[in-house]
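Asker: Sequence first, then the predicted structure, then my questions.
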Amino acid sequence: MSIIYLDRRELDIYLKITKYFYSIRIAVAAINKACCYQLLVQSFINDSTN
């Protein structure tokens, strides 16, 4: 098992990248949720109008 030593600057960059990817994942999840919700509402409206 190897221990990786990072200096302060590398750690900062790593944290920024991690935060960036994490926020992208949250955004994608939110968009997916919104799309699913929209489809649900749409099908519900279609069911009630028919």
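Answerer: Noted; the coordinates are in hand.
Asker: average pLDDT across the one helix or strand Q38 maps to?
Answerer: Following DSSP states H and E, one finds Q38 within helix 8-49. For helix 8-49, mean pLDDT rounds to 90.
Asker: Check the offset of it from the chain's centre.
Answerer: Centroid displacement of helix 8-49 relative to its chain, using C-alpha atoms, centre = their mean, to the nearest Å, is 4 Å.
Asker: Packing partners of that helix?
Answerer: Helices and strands touching helix 8-49, as assessed by 3 or more C-beta pairs under 8 Å, 6 or more residues apart in numbering; DSSP states H and E, are absent. In this view, the C-beta of every residue, glycine as well, is placed from N, C-alpha and C.
Asker: I'd like the numbering to begin with 873 instead of 1 from here.
Answerer: OK, 873 is where the count begins now, so the last one is helix 880-921.
Asker: D879 versus T921, what's the distance?
Answerer: According to C-beta to C-beta, to the nearest Å, T921 stands 63 Å off from D879.
Asker: repeat for A899
Answerer: In terms of C-beta to C-beta, A899 sits 31 Å off from D879.
Asker: distance of I917 from R897?
Answerer: Distance from I917 to R897, by C-beta to C-beta: 31 Å.
Asker: And for S895, the neighbour number?
Answerer: Neighbour count for S895, taken as other C-beta atoms under 10 Å: 10.
Asker: My error: substitute T890 in the last question.
Answerer: 10.
Asker: Same check on I898?
Answerer: For I898, using other C-beta under 10 Å, the count is 10.
Asker: same check, this time on A901
Answerer: 10.
Asker: same deal with E882?
Answerer: Neighbours of E882 under the rule other C-beta under 10 Å: 11.
Asker: Also T921?
Answerer: By other C-beta under 10 Å, 6 other residues sit near T921.
Asker: One more: I885?
Answerer: 11.
Asker: what do you get for F916?
Answerer: There are 10 residues near F916, going by other C-beta under 10 Å.
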